Structures are given as C-alpha cells and as structure tokens.
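> Let's see this in three dimensions:
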Amino acid sequence: MKLSQRLILSYILIIMVSLLLAFSTLILTARPLQNRLNDQRLALQAERVKAELSSSDKLSSDQLMPRIANVARRSRSRLLLLDEQSWVLLDTRQLLEGEQLRRFNQPLSILEEPTGFFEFEPGGDPPLRYILINTFTLSDQRQVHLVIVDQEFPVITRFISESSWSFVLAAIVATLVSLLLSVLIARSIARPLQEIAEATEALAKGDYQPRLREAGPLEIRQVASSFNLMIEQVAANQQAMRDFVSNVSHELKTPLTSIKGFSQAIAEGATPDITAQQRAATIIYQEAGRLSRLVEDLLDLARLDSGQVMIRQQSLDLMPILTHAMQRMLPQATQKQIKLQYDKVELPQVVGDGDRLAQVFTNLLDNAIRHTPEGGRVTVTTQRQPSLKMLDISVTDTGGGIPADELARVFERFYQVDKSRKRGQGTGLGLAISKEIVEAHGGTIKAESVTGLGTRFVVSLQLNASPATKPRLPQLIKPPQL
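Residues are numbered from 1 along each chain as shown. Modelled structure (predicted):
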C-alpha cells in the first residue's frame with residue numbers, strides 16, 4: 001500500500017474516532033441541560049393548566065373530566081386524574097385508565113411528593129415524570145389529584161431522535177472537508193518522498209544528475225539538502241575513483257615499460273658491452289625501487305583510509321623529530337646547494353605518533369627541496385597558538401610557488417602542479433599521505449604560496465592531549481581524494 005493511501009486511511013480513522021468522541025461528549029454534556037429544559041417546559045405547562053382549571057372545585061367527575069380533556073387538548077399536554085390510592089380515573093391519552101400507579105411496588109402518595117416519577121415494571125415502559133397541578137374536591141366530597149406527566153425517555157434516545165439528522169449532516173460535511181484536506185496533506189508529504197525514491201533509483205543506476213527540490217516542511221528540506229549533498233559527494237567520489245585508477249595505471253605503466261624494455265635488451269643481447277649492461281641494470285633497479293615506493297605509498301593510503309593504521313597517542317618532543325628529519329634530507333639539500341634552516345627553540349609537548357609525524361615532516365622537506373632551485377633555502381619554524389591549544393610547524397621554501405587556482409589541489413593523490421616535471425622524482429602521494437596522518441592526529445595541514453616567491457606548508461597539532469594510547473577509529477566511507 002502506498003504511503004499516501006495509508007495516510008488517507010489513517011486520517012479517515014482519526015476523523016471517525018473524533019466524530020464519535022465528539023458525539024459522545026455532546027450527549028454527556030447535554031444530559032443536565034436536557035433535564036432542566038424538560039422540567040421548565042413541564043412546569044410552564046402545569047402553570048397554564050392550573051390557571052385554566054382554577055374554578056373546578058365541587059364539580060362531579062362527569063363534569064370535571066371533559067374540562068380536563070379540553071384543557072389537555074389545547075395545551076398539548078398529558079394530564080392524569082388520580083384518586084387517593086393512585087388509581088387512574090382519567091388519562092387524556094387513554095393509556096393508563098383503571099391502573100394503579102406504583103413506585104417501588106408501593107402505592108404512590110401524590111401529596112407526599114408533588115413532583116417525581118411514576119415507575120413501571122423493569123423492562124416495561126419508561127418512567128413518567130409528573131408534577132401535581134391541583135387537588136379537587138368533587139361534589140360527592142371525594143378528593144382527586146390532577147397531575148401533568150411527560151414520558152421520561154433516556155437522554156441519549158431523545159438526543160439522538162432530536163438531533164440525529166443535524167449531526168449526520170454536519171458529520172458528512174466535516175468528513176468530506178477533512179478528506180479533501182487529508183488528500184492534499186498526504187500528497188504534500190508523499191510527493192517529496194516519491195521524488196527521493198525516484199532519485200535514489202536513478203543514483204543506483206549510475207545517474208548522478210537528479211537533484212531534489214528543497215521545498216516543503218523543514219524536515220523534507222533537510223532530507224532533500226542532505227540527499228543533494230550525498231549525490232554530489234558520490235559523483236565526486238566516483239570521478240575520484242576513476243581518476244585514481246587512471247593515475248595509478250599511468251604511474252605503474254612508466255616504470256614497467258622501462259623495466260620491460262631494458263630487461264628485454266639484456267636478454268636479446270642488445271647491450272654488447274659491460275657499460276651498456278650496467279646502465280640498463282641501473283635503470284631497472286631504479287624503476288623497481290620506484291615501483292616499490294609507489295606500492296608502499298598506496299598501501300599506506302589504503303590502511304589510512306580503512307582506519308587500520310594505529311596512531312599512538314603519547315607525549316612527544318618535536319625538536320628531535322624535526323632535527324632527525326632535516327638530517328635525513330641534508331644530503332639531498334647539499335647536492336642542490338640548498339640551505340636548511342631551523343631555529344631551535346623550546347617547544348611545548350604535543351601528543352601523537354612520533355614515527356608517523358617524522359614521516360610527515362620528511363615528506364614536506366623532500367617536497368620543498370625538490371621544488372626549490374639550486375642555491376635556495378628551506379626553513380622550518382614553529383609557533384604556538386595558546387588560544388587554540390595548537391602548535392604550528394611551518395616548512396617554507398623559496399621555489400617557484402604554486403598558482404592560486406591549483407593551491408587547493410596539492411593534497412590530491414597523484415596531482416602534479418608542474419605537469420612537465422620529470423617522472424620518477426616522486427610518487428605524487430607524499431602530500432596526500434601527510435594530510436591523512438595529520439588529520440588522524442586531530443590536526444590540520446594547509447598550503448600557502450605566492451607565485452615566484454615560494455610555498456609554505458603549515459601543520460597544526462594539538463597540545464596537552466591525553467597521553468593514553470588510542471587507535472584511530474576506522475572510517476565508514478572515505479574514497480580516494482584527488
């Protein structure tokens with residue numbers, strides 16, 4: 001059953017229950033009012049009858065009864081004439097004549113209770129409410145009592161009989177209007193959900209174009225906004241995956257081609273002298289090393305993405321870590337006559353994994369040295385942010401810089417700012433791995449650059465964190481970045 005149909009049926013049920021409760025409440029609240037109105041009406045009729053029969057004393061029964069019958073006909077009331085033992089001498093409706101009215105199986109004394117009820121056998125006629133109008137003395141000195149009576153139907157029966165059609169008409173009108181409103185409301189709720197279902201089916205088929213209208217109630221707008229954001233992310237992730245596969249294939253193809261070509265040349269004897277063979281073997285060794293580094297970097301990224309890397313959370317002194325990283329890169333910097341500068345100052349303790357942070361700073365220094373021309377300078381500086389409880393570590397070079405429109409992409413996997421640089425200088429994954437490691441520490445990394453002046457990478461790490469060892473929690477979905 002569709003959602004809109006279920007909503008309409010639920011509205012119909014609510015309407016019916018509401019009408020039933022309203023009808024029941026109306027009946028219960030109408031009982032006291034109905035009784036008071038009946039009593040007032042019967043009392044007014046009694047007063048009018050009493051006024052018309054005020055001069056009826058000393059008459060014979062044959063003279064009194066016709067007068068009572070005429071008054072009852074004119075006033076449209078029911079009158080009973082009773083003797084002292086509550087025997088009915090006259091009933092203007094000719095129903096109880098010759099019967100003795102009883103109450104609780106005892107003869108009823110009208111004089112003792114001038115108002116009350118005549119009750120019949122259980123399961124018999126409904127009680128009669130009466131009011132004593134007058135007591136007459138007949139010509140034969142007998143006393144008779146004139147009462148006015150009204151059938152005391154149950155309030156619910158009387159209310160239904162008097163107002164059933166009005167209530168039914170009102171219920172029909174209310175039901176039709178409510179059904180119309182329920183259809184409109186059900187459609188307004190079901191339509192956005194149906195659009196979401198259709199967009200989800202299109203997304204499952206690989207169509208990332210559908211976008212939901214962000215209209216309607218707040219909750220529907222939030223769902224539509226989240227769905228649109230999800231589509232954008234899925235589309236970006238799919239494109240990133242395709243680019244990732246393409247880049248990996250390209251990075252693997254180049255060294256494999258070199259290895260295959262030179263190994264074939266050696267096998268076919270195309271390298272007759274020892275010098276040519278050594279040169280071919282060296283190239284094969286270098287390309288194999290490049291493949292090995294690429295595979296290691298890819299495995300690192302895969303483990304970081306899946307949350308399998310254990311990030312040890314312990315108190316660290318960054319000074320020896322930075323010093324060791326610079327010493328490792330010193331031969332490479334010396335070869336290009338690049339000056340490595342580090343102002344050693346007292347640093348506060350940070351919390352993290354020393355091996356992984358050393359990997360980050362080594363990657364940043366390697367990247368800075370490779371993009372700094374001969375005779376340049378690479379500087380490492382630190383600065384504390386007390387308000388944020390963070391420590392900033394900056395690696396600045398004097399290279400050519402990064403264009404502003406490409407600065408946001410430097411942390412993408414395999415992305416190269418210098419498209420013409422020689423392949424083999426790096427795997428293109430160092431900055432991506434560094435970003436993953438820094439974020440796993442709860443920190444941030446950003447790049448700042450001015451074209452022609454150089455580039456600065458800033459790593460921000462947390463201070464005063466708990467020294468307890470904590471593994472990095474696995475991420476549910478984290479696709480490759482570009």
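
> can you list the weak-confidence ranges in the stretch 1-150 of the chain?
The stretch 1-150 of the chain contains residues with pLDDT under 70 at 1-4, 26-27, 29-34, 102-111, 120-125.

> Mind doing that once more with 80?
Scanning the stretch 1-150 of the chain for pLDDT under 80 picks out the ranges 1-16, 18-38, 56-57, 101-113, 116-128.

> what do you get for the stretch 251-400 of the chain?
Counting by pLDDT under 80, the stretch 251-400 of the chain has low-confidence residues at 251-255, 268-273, 290, 293-312, 343-346, 386-388.

> in the stretch 201-350 of the chain, which spans are helices?
According to DSSP state H, counting those that start in this stretch, the stretch 201-350 of the chain carries its helices in the segments 218-267, 274-306, 318-335.

> Let's have the ones you listed in a markdown table, adding mean neighbour count and distance to residue 436.
All C-beta atoms are positioned from the backbone trio N, CA, C, and that covers glycine. Converted to a markdown table, the helices of the stretch 201-350 of the chain look like this (neighbours: other Cβ atoms under 10 Å; distance: least, Cβ to Cβ, whole Å):
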| stretch | mean neighbour count | distance to residue 436 |
| --- | --- | --- |
| helix 218-267 | 14 | 14 |
| helix 274-306 | 15 | 4 |
| helix 318-335 | 16 | 18 |
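
> centroid residue for the protein?
In the chain, the residue lying closest to the centroid (Cα atoms, centre = their mean) is residue 219, at 6.2 Å.

> Please name the residues that touch that one.
Residues in contact with residue 219, defined by Cβ atoms under 8 Å, 6 or more residues apart in numbering, are absent; none qualify.

> where's it relative to residue 143, distance?
If you measure residue 219 against residue 143 using Cβ to Cβ, to the nearest Å, the figure is 81 Å.

> how about the strands in the stretch 1-150 of the chain?
78-82, 88-91, 102-103, 106-107, 115-118, 128-137, 143-151 (DSSP state E, counting those that start in this stretch).

> For the first one, which outside residues touch it?
Outside of strand 78-82, the residues within contact range by Cβ under 8 Å, 6+ apart are 49, 64-65, 68, 71-72, 88-93, 96, 101, 110, 130, 133, 144-150.

> Go again with 6 Å.
68, 72, 88-93, 144-149 (Cβ atoms under 6 Å, 6 or more residues apart in numbering).

> Name the nearest residue to residue 328, ignoring sequence neighbours.
If the residues on either side of it in the chain are set aside, residue 328 comes closest to residue 362, at 6.1 Å by Cβ to Cβ, 6 or more residues apart in numbering.

> so that neighbour, which of the three states?
What DSSP: H, G, I helix; E, B strand; the rest coil gives for residue 362 is helix.

> Hmm, it is touching residue 324, no?
No. Residue 362 sits out of contact with residue 324 when judged by Cβ atoms under 6 Å, with a separation of 8.8 Å.

> mind listing what residue 358 touches?
For residue 358, the residues meeting the contact criterion (Cβ under 6 Å, 6+ apart) are 321, 325.

> what about it, distance to residue 310?
In this structure, residue 358 and residue 310 are 16 Å apart, going by Cβ to Cβ.

> before we move on, what about residue 24?
68 Å.

> which of these two has more neighbours?
Neighbour totals were compared for residue 24 and residue 310, and residue 310 leads with 14 against 11 (other Cβ atoms under 10 Å).

> what's the neighbour count on the residue nearest to residue 328?
By other Cβ under 10 Å, neighbour count at residue 362 equals 18.

> Mind splitting this structure into its structural domains?
For the chain, whose domains are defined here by automatic domain parsing, the residue ranges read 3-157, 218-304, 310-462.

> if we can go back for a sec, please tell me the pLDDT value assigned to the residue nearest to the centre of the chain.
On pLDDT, residue 219 comes in at 75.

> Also the one 4 residues further on?
pLDDT recorded at residue 223 is 80.

> What is the neighbour count of the spatially closest residue to it that is not a sequence neighbour?
Here the nearest residue to residue 223 in space, its sequence neighbours aside, is residue 196; by Cβ to Cβ, 6+ apart that works out to 6.7 Å. Residues within reach of residue 196, counting by other Cβ under 10 Å, total 16.

> Appreciated, that's everything.
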